[in-house]
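requesting a structural model of the entry that follows:
(one chain, ligands or ions: 2)
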Amino acid sequence: MLQVLKIGGAVLTEKDRPFRLRRGEAERIAHEIRAALNRHRGMKLVLVHGGGSFGHYVAKAFLDNVGMIDVEGFCTIAGYMDELNRAVVEILNLYGVPAVSVTPRALFFLRSDGSVEAHSNVICKLLERNIVPVLYGDVVASDEGFKILSGDLIAWFLASVFKADRLLFGTAVDGVYDRDPTKFRDARFLSRLSLTMFSNRSASFAGSVRYDVTGGMMSKLSYGVKYIDSVGEVIIFNALRKGYVYKALTGGRIRCTRILP
Ligand SMILES: Nc1ncnc2c1ncn2[C@@H]1O[C@H](COP(=O)(O)OP(=O)(O)OP(=O)(O)O)[C@@H](O)[C@H]1O
Ligand SMILES: [Mg+2]
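Ligands and ions are numbered 1, 2, ... in the order given. Presented below is the predicted three-dimensional model:
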């Protein structure tokens with residue numbers, strides 16, 4: 001059983017306050033991951049975390065002020081993401097998860113067409129030795145200077161390369177809605193979402209459901225179109241809910257959105 005779990009930066013950090021780790025949430029999640037590993041001894045697990053108020057904040061500052069990620073931006077963003085990752089891995093280790101940091105910029109290259117090149121066999125070797133590799137949204141070299149490689153894309157890519165049984169996205173909302181639930185109180189929850197329908201939404205949903213998936217959730221879904229066929233179950237759930245990371249990893253019943261091809 002191989003699972004890829006992406007924990008959103010929206011869960012691990014206070015997204016609207018720069019450089020704020022939510023230590024309590026990180027500790028609870030580390031505890032739940034350890035409990036899931038205890039329950040299923042043979043489970044192989046890849047963890048990916050997002051940038052939250054570390055990565056997104058610094059990257060935005062460079063994109064707004066310089067208009068691109070230059071050499072200084074590359075080094076600065078890398079430094080802040082490493083800082084967040086160090087804190088996350090330390091907490092995982094504290095709770096007994098055999099986690100080690102795997103720096104994406106050392107393994108990944110982003111082509112200008114958006115496709116990914118990676119030395120993922122290194123991660124395979126760690127999994128074979130029951131290590132939990134921890135990757136994260138990062139800055140990487142690309143055909144055109146430096147680019148941001150999102151944790152979501154890393155999660156989809158690795159789940160597809162390793163033909164993961166489950167790909168789990170833990171974020172700060174219960175799943176996908178027809179509109180941003182943090183902005184629209186009447187947003188309708190979707191317990192299933194077909195990516196084919198999603199990518200053809202303008203044609204197939206015209207006049208029926210009004211799709212307005214934007215921002216973080218939009219890209220999380222659109223990356224999947226290319227990879228979903230080689231992944232087992234794909235679930236988006238709320239990792240701020242107590243016990244949900246444990247339940248998601250052990251196949252328990254949770255309120256979530258199932259992403260289908
Ligand atoms: N249709 C939608 N359904 C659900 N959430 C949506 C939708 N449209 C926009 N969102 C927003 O997307 C957010 C989740 O994406 P976000 O990128 O903030 O989280 P994350 O990916 O977990 O964090 P990070 O990018 O730092 O790893 C939600 O908090 C919500 O406000
Ligand atoms: Mg995101």
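
which residues of this protein lie near ligand 1?
Taking Cβ under 6 Å from any ligand atom as the measure of proximity, the chain contacts ligand 1 at 8-10, 50-52, 56, 151, 171-173, 176-177, 179-182, 213-217, 220. For every residue, glycine as well, the C-beta is placed using N, CA and C.

among these, which are in helices?
9-10, 52, 56, 151, 215-217, 220 (DSSP state H).

quick check on these: which are buried?
9-10, 52, 56, 151, 216-217, 220 (16 or more other Cβ atoms under 10 Å).

and the residues you listed, which is the shakiest by pLDDT?
The member of these with the lowest pLDDT is Gly216, at 82.

surely it touches Ala10?
Yes: counting by Cβ atoms under 8 Å, Gly216 does reach Ala10; the two are 7.1 Å apart.

overlap in contacts of these two?
Thr171 (Cβ atoms under 8 Å, 6 or more residues apart in numbering).

poorly predicted segments of this structure, please.
200-215 (pLDDT under 70).

which one's the longest helix in it?
Per DSSP H, the chain has its longest helix at helix 71-94.

what packs against that one?
Contact partners of helix 71-94 among helices and strands, from 3 or more Cβ pairs under 8 Å, 6 or more residues apart in numbering; DSSP states H and E: helix 9-12, helix 23-39, strand 44-49, helix 52-65, strand 99-101, strand 132-136, strand 138-142, strand 145-149.

just checking, what packs against the first one?
With contacts defined as 3+ Cβ pairs under 8 Å, 6+ apart, the secondary structure elements packing on helix 9-12 are helix 23-39, helix 52-65, helix 71-94, strand 166-171.

flag every buried residue along the third one.
For helix 71-94, the buried set under the neighbour-count rule, 16+ other Cβ under 10 Å, comprises 73-74, 76-78, 80-82, 84-85, 87-89, 91-92.

what angle do it and helix 52-65 make?
Relative orientation of helix 71-94 versus helix 52-65 (axes from the mean of the first three to the mean of the last three Cα atoms, to 10 degrees): 180 degrees.

next: the last one.
With the same axes, to 10 degrees as the basis, strand 166-171 and helix 52-65 are set at 70 degrees to each other.

remind me what strand 166-171 packs against, helices and strands.
On a contact count with 3+ Cβ pairs under 8 Å, 6+ apart, strand 166-171 meets strand 2-7, helix 9-12, helix 151-161, helix 215-224, strand 233-238, helix 244-249.

how far does stretch 7-26 stretch from start to finish?
10 Å (Cα to Cα, to the nearest Å).

contact partners for the closest residue to Thr196 other than its chain neighbours?
Of all residues not flanking Thr196 in the chain, Pro261 sits nearest, at 6.3 Å (Cβ to Cβ, 6 or more residues apart in numbering). Going by Cβ under 8 Å, 6+ apart, Pro261 touches 194-196, 228-229.

which one of those is nearest Asp138?
For those, the residue nearest Asp138 by Cβ to Cβ is Ile228; the value is 22.9 Å.

the closest one reaches Val234, doesn't it?
Yes: using Cβ under 8 Å, Ile228 makes contact with Val234 at a distance of 6.4 Å.

need the overlap of contacts for those two.
With Cβ under 8 Å, 6+ apart, Ile228 and Val234 have common neighbours 259-260.

which of those two has more neighbours?
Val234 (25 against 21; other Cβ atoms under 10 Å).

excluding chain neighbours, what is closest to the more buried one?
For Val234, the closest residue by Cβ to Cβ, 6+ apart turns out to be Ile259, at 4.0 Å.

report the distance from the one helix or strand the one you found maps to to the chain centre.
Ile259 is part of strand 256-260, with elements assigned from DSSP states H and E. Relative to its parent chain, strand 256-260 has a centroid offset of 15 Å by Cα atoms, centre = their mean, to the nearest Å.
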